[in-house]
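> Predicted coordinates and the sequence they were generated for:
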Protein chains: 2
Amino acid sequence: MKNLPQYPIPNLPENSLPRIVIIGGGFAGLKLTRSLKGKPFQVILLDKNNFHQFQPLFYQVATAGLEPSAISFPLRKIFHNTKNVSFRMAEVSSFDSEKKRVYTDAGYLDYDYLVLSLGADSNYFGSKSIEKYSSPMKSVSEALYIRNKIISNYERAINLSKMEDRKVLMNVVIVGGGPTGVELAGAMAELRNSVLPRDYPELSFENMKVVLIEAGPSLLAAMSEEAKAKAEKYLTKLGVELKMNTKVKDYDGRNVYFDDQEPIETATLLWAAGVKPNQIEGLSESSYAPNGRILVDEFNEVIDHPGVYAVGDNCLLADETYPKGHPQVAQVALQQASNLAKNFERARRGKNPEPFHYKDLGSMATIGKHLAVVDLPFIKFQGIIAWMTWLFVHLMAILGVKNKLFIFFDWAWSYLSFDPSLRLLIKPRYVRESERKELIEQK
Amino acid sequence: MKNLPQYPIPNLPENSLPRIVIIGGGFAGLKLTRSLKGKPFQVILLDKNNFHQFQPLFYQVATAGLEPSAISFPLRKIFHNTKNVSFRMAEVSSFDSEKKRVYTDAGYLDYDYLVLSLGADSNYFGSKSIEKYSSPMKSVSEALYIRNKIISNYERAINLSKMEDRKVLMNVVIVGGGPTGVELAGAMAELRNSVLPRDYPELSFENMKVVLIEAGPSLLAAMSEEAKAKAEKYLTKLGVELKMNTKVKDYDGRNVYFDDQEPIETATLLWAAGVKPNQIEGLSESSYAPNGRILVDEFNEVIDHPGVYAVGDNCLLADETYPKGHPQVAQVALQQASNLAKNFERARRGKNPEPFHYKDLGSMATIGKHLAVVDLPFIKFQGIIAWMTWLFVHLMAILGVKNKLFIFFDWAWSYLSFDPSLRLLIKPRYVRESERKELIEQK
C-alpha cells in the first residue's frame, strides 16, 4: 500500500499539539486513549472496527447467552465531546519510522508518537487444516459465527436418520484449557443439559459429547492448585470430558486426530489453544522476539524504534519477575496503557519516564451457571461466592451504564428462567456484486 | 428438486392424526400454528429461518434503535412442550397436490392439509437496476444490512475531502410513503438531528438530506385525511424532504433518476415501495391472480386445489367490501389464521366451515421520537397520545415477556438519553470455502 499514491486522511482537526497515533482499540489502545482525554496531545485512534470488544465475554456470545451489542461499545460514542481525540475506522497496513508516517486504507497519517496496540489473534501453530476447519473466537464476529454454526448443525442433525451422522454434528470439542476454553466448555455443557433438549426433543442428548482438550497437565495453568482442582471437578460434574496432556494432531472438519488416541468425531472444533501477536509492516527484524511479540523496554518503547511504543498482547516486556515477558492478559494491557499515558505526560513536562511494574490483581474463571474459581493476591476461593465475585468484577469492567444494566438483566433472566432466548440463526445478507464495485472512488 | 431422489424428513413423531403442514412462520403461519396447539392434528411448521420476525419494527433495527434479537423469536422455543407441533428449518421448493407431498431441502413430507403462508417480498416493478442497487427491508437481516451500510457510508464519508463526494454517502432516500417508509424517514431524520452530528463532528449535517418519495398524491394512502396531513406535517418539521406524485425511474447506486426532475445523489436508496407475494412451484396457473397473489375462496382454500390453503400476504381473498382483495397487513393475516384454525376444528367435527370476515381494527404509524398518527374504527387522533398508543400496542404484540421488557427498557433508555448505543458495524465473518464443501452428505 506504501507504493500507491495516497492522500493524507482529511478532516482531522488542525492543531500544533504533538500527535499520538494509536493503532488498535482493544483493552490497551482504548485505555491509553481514554487516559489521554483532555491532555495537550492530539490523539488519533485507529481500528478496523468502529467498536471496542469486551473479550472476556465472547464465550457468552458464542453460547447464545449475550447479544454481540451487549459487549461491543461504539468507539465514537466513547469520545463524544472529547476535542483532542479523533477516531478513524481504518485498516493499517504499515508505517515508516523515518518519515513518521502510518499507511492505512483511508489515507496516510503523520505522527509524533506511534503506539502499537494491535492485540493478538488465534495461533494454529502452523497447522493449515486446523486453521481452515476449526472455529476461533478472537472477535465478536467469530463468537457469533460459532453460535450460528452450532445452531445450524442442530437444525441439520434433526434431518438425518443415521445416529452416526447426527453425533458428528452434535459433539463439541474445545481445544485449550485456559480461561476461554474452560468457560466455553462450561457454557456448552449447560446448553446441552438444559436448553438444547427442550429445543430438539427428537434428538438424544446423552449422545452429545462436550470435550475439553489441553496439551499441558492441567486446566488454568496460570492459576492456583485449588483453582485447577475445583475447575476440573466442576466441569466433570457438568459432564465435560477432560483430556489433559493431549495434543491435537490434525482436524479435517469431521475428525479430530491425536498421536496415540482414537479420533473424536465432531463438526465443531473450537480453537482456544493459543495466540500469536498481530503484526505490522515497518519494524526491523531486531524488534521482534522469536514468537513474534514486539520487544519493548521497561517504558514500552520498541527496541531500535524511538518514538514507537507497543502495549498489550502484541508486546514483550521482560523483567526480573517475568523474564519471558508478561502474561498476555487484559490486566497487563490496561496497566501498560496507564503507565504509558503517564509517561507521555511526564515527557511533556521534561521529566524522566517511569518504568512499568505489573501489579498482579489475580485471575478468575467461571464454570457453568453458578460456579467460578477466583485467585486474588490475598485469598483464593471457589464456588458460588467466587461466581458472584466474577459477576461483579465483569459487570464493573463493562463500559457504559446501559450495557451494565442490560447484561445484568440478561444474566438475571437467564439465571431465573434457565432459558436464554438468543438461539437465533440470523444469517448475514451476503455482500452483493454491486457492493463490491466501489461506487465512490476514494481519492 | 422433485427429480432428485429424496428421503422423507426423518425424526417426526409418528401418529395417526391428520397432518397439517404450514409453510412460513410469519404472522399468519405462526398464529395458525399457535391456534392448533394441543388440537387433534399433527402440525408441522416449516420456515427457512429458525425464528419469527416482527416486521413492524424492522425500521428500528435499520436505524440502530433495537437489536435484531429483540424482535426475533426462536420458533422452537415457542413450541416447547407442545407435543403435536414440530418445527423444521427448511427451504421449501415445491409441492405436488396429487401426491399431497411437499419437497424441501431437508427431504420430502406428506400432508393431509397444506397451508401456504409464504408472505411477500419487495417488489421492484421490474427494474433490475433498482433491485441491484437499492436496499430492501423485508427481513431482520436486510434491516441489519441497512444499518451496517449507513454506518459504513459515514465512516467512508469522513475520509473524503470533497464535499460533493461526501454528500452522496450522507444522503438517504426512501421510496414508498406507506407506514414503513414514513417510520423509516422519521427515524432517519432523528438520527441526523441528534446522534450522527455527535458521532461525526467533522461532517456538516445540514448537507445531509432525508428524502421520502411517494408515487401517489399522499403519504399513508390507507389512512384518514387527518392522519395523512399530520404525518406530512410531522415529517416536514423533522426536516424530511417530501416528494409526492413522484416516480423513481432508475437508480445506479449513485443517482436516483426521475422522469421530470433533477436526479438526487445518494448511495443509500431504501426501497419500501411495494411487495410481491412469494411463490411456490406446484399451483396451477388458474390459482394465481395477475399480480401473483394466490386466489382463495372465503374459507382461504386455494382455487382448484382442495386441501391446500393460503393465508396472509400471499393470498387474495376478494369479497364485497374488498373486491380487489384484502390489504396485505398483519391484521388480515392474523384474522385469516384464526378463522382457518377454527375451520380445521369444525371440519373434524363434521361441521361446515365459516367464511372469513375481516374486522378492521384500524392502523397507525409512528413519526420520530414522540409522535404518531392513529386511526381506530371509532376515533382518530395524532400526536403524543397517539405515540403512546402506538408504543403500547406494539409492546403488547411483541412475543414473550423478556422481549417486551427488553424493548421497553431499550425505548425508555433511548428516549431519556437521546443516545441509542447500537451503532456497531459488526461485520459477518464470511462463509469460508471449507464451509461450502458439505462435510456430511445429507441423504
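Perfect, I can see it now. Numbers count the residues shown, from 1 in each chain, chains lettered A, B, ... in the order given.

> And the residue of the stretch 201-350 of chain A that's closest to chain B?
Closest approach between the stretch 201-350 of chain A and chain B, counting by Cβ to the nearest Cβ: residue A:202, at 4.2 Å. Just so you know, the C-beta spots here come from the backbone N, C-alpha and C atoms, and that holds for glycine as well.

> what's near enough to touch that residue?
A:158, B:11-13, B:86 (Cβ atoms under 8 Å, 6 or more residues apart in numbering or on different chains).

> next one: residue A:274
Residue A:274 neighbours (Cβ under 8 Å, 6+ apart): A:122-123, A:125, A:176.

> Widest-spaced pair of those residues?
A:125 and A:176 (11.4 Å; Cβ to Cβ).

> ok so, going back, how about the contacts of residue A:274 in JSON lines, adding secondary structure and neighbour count?
Below are those laid out as JSON lines (DSSP: H, G, I helix; E, B strand; the rest coil; neighbours: other Cβ atoms under 10 Å in any protein chain shown):
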{"residue": "A:122", "secondary structure": "strand", "neighbour count": "21"}
{"residue": "A:123", "secondary structure": "coil", "neighbour count": "19"}
{"residue": "A:125", "secondary structure": "coil", "neighbour count": "13"}
{"residue": "A:176", "secondary structure": "coil", "neighbour count": "26"}
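
> Go through the contacts of residue A:202 and single out the one with the most neighbours.
residue A:158 (24 neighbours; other Cβ atoms under 10 Å in any protein chain shown).

> Looks like it contacts residue A:200 (just checking).
Yes. Taking contacts as Cβ atoms under 8 Å, residue A:158 lies within contact range of residue A:200: 5.9 Å.

> Domain boundaries for chain A, per the record?
With domains defined by automatic domain parsing, chain A comprises A:19-120+A:276-348, A:128-273.

> Just the angle for the helix or strand where residue A:404 lies relative to helix B:401-417, thanks.
Using DSSP states H and E, residue A:404 maps to helix A:401-417. With axes from the mean of the first three to the mean of the last three Cα atoms, to 10 degrees as the basis, helix A:401-417 and helix B:401-417 are set at 170 degrees to each other.

> Now helix A:401-417: buried residues?
Within helix A:401-417, the residues scored as buried using 16 or more other Cβ atoms under 10 Å in any protein chain shown are A:402-404, A:406-407, A:410-411, A:413-414.

> Centre of the chain to it, how far?
Helix A:401-417 has its C-alpha centroid displaced from the chain centroid by 22 Å (Cα atoms, centre = their mean, to the nearest Å).

> How about stretch A:292-306?
Mean-position distance between stretch A:292-306 and its chain equals 22 Å (Cα atoms, centre = their mean).

> what is the rounded mean pLDDT of that stretch?
What stretch A:292-306 shows for mean pLDDT is 97.

> do the same with stretch A:99-118
On average, stretch A:99-118 scores 95.

> do that stretch and chain B meet at all?
Yes. Judged by Cβ under 8 Å from any Cβ of the partner chain, stretch A:99-118 and chain B are in contact via A:106-107.

> What is the end-to-end distance of that stretch?
By Cα to Cα, to the nearest Å, the extent of stretch A:99-118 from end to end equals 21 Å.
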